[in-house]
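In: Next input, structure requested:
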Amino acid sequence: MAQVKLYVLDTHILIWYFIGSKRLNKKFKDRIDNIRKLESRLLIPTIVLSEALDVSEKAKVKFEFNKMFQIIQNKPEFEIVGFSAKIFEETMRIKGIKEIHDRIIVATSRFYSAGIITKDRIIQESDETVAL
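Out: Take a look at the predicted model:
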């Protein structure tokens, strides 16, 4: 059995993937598609779901949040992960990223020793993330 690899998706990537947006870099789309086919997991932090719900409710991007949420809940390659006290402790250790939502996403990645798929340059260029 192959080793399961874990990847955290950030909010923009998650939404763009589900709506088929041209804004999603082809390498990210291909990576997510490959992860879904292999014995790998896509971790979706609850903060990412909260941000996606907010985007949907404010109609910043038109998409059906409930449909996306149902798919995430029902497909085995997706796993929703909560914001636990341990992840909060990891969040407090992150100093190179100022925005709190991004810190939580990165802390989740670090807690699970997971790669992170993000378009955020601050996250990508920080030394706070797990190497892919």
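In: Going by C-alpha atoms from here, please, whenever you check contacts or count neighbours.
Out: Will do.
In: so who does D10 touch?
Out: D10 sits next to 44, 48, 105, 116-118 when contact means CA atoms under 8 Å, 6 or more residues apart in numbering.
In: Mind doing that once more with 7 Å?
Out: Taking CA atoms under 7 Å, 6 or more residues apart in numbering as the criterion, D10 is in contact with 48, 105, 117-118.
In: Also S126?
Out: If you count contacts by CA under 7 Å, 6+ apart, S126 has them with G96.
In: My reading is that I35 lies in a strand. Confirm?
Out: No. Read with DSSP: H, G, I helix; E, B strand; the rest coil, I35 is helix and lies in no strand.
In: What segments of this protein are strands?
Out: Along the chain, counting by DSSP state E, strands occupy 6-9, 41-45, 78-81, 115-117.
In: Quick check: which of those is nearest to V61?
Out: strand 6-9 (17.5 Å; CA to CA).
In: Tell me the strands beside the closest one, with direction?
Out: According to DSSP bridges, strand 6-9 forms sheet pairs with strand 41-45 (parallel), strand 115-117 (parallel).
In: quick one, helices of this structure?
Out: Secondary structure of the chain, counting by DSSP state H: helices at 11-19, 26-37, 46-57, 65-74, 85-93, 100-111, 121-125.
In: and those helices, which is most packed in?
Out: helix 100-111 (a mean of 22; mean count of other CA atoms under 10 Å).
In: quick check: mean pLDDT across it?
Out: Averaging pLDDT along helix 100-111 yields 94.
In: What helices and strands are in contact with it?
Out: Applying 3 or more CA pairs under 7 Å, 6 or more residues apart in numbering; DSSP states H and E, one finds that helix 100-111 contacts helix 85-93.
In: how about a cut-off of 8 Å?
Out: strand 6-9, helix 46-57, helix 85-93, strand 115-117 (3 or more CA pairs under 8 Å, 6 or more residues apart in numbering; DSSP states H and E).
In: between that helix and helix 46-57, how big is the angle?
Out: Helix 100-111 and helix 46-57 meet at an angle of 140 degrees, taking axes from the mean of the first three to the mean of the last three CA atoms, to 10 degrees as the criterion.
In: Outside of helix 100-111 itself, list whatever touches it.
Out: By CA under 8 Å, 6+ apart, the residues outside helix 100-111 that reach it are 7-8, 10, 45, 47-48, 83, 86-88, 90-91, 94, 97, 115-116, 123, 128-130.
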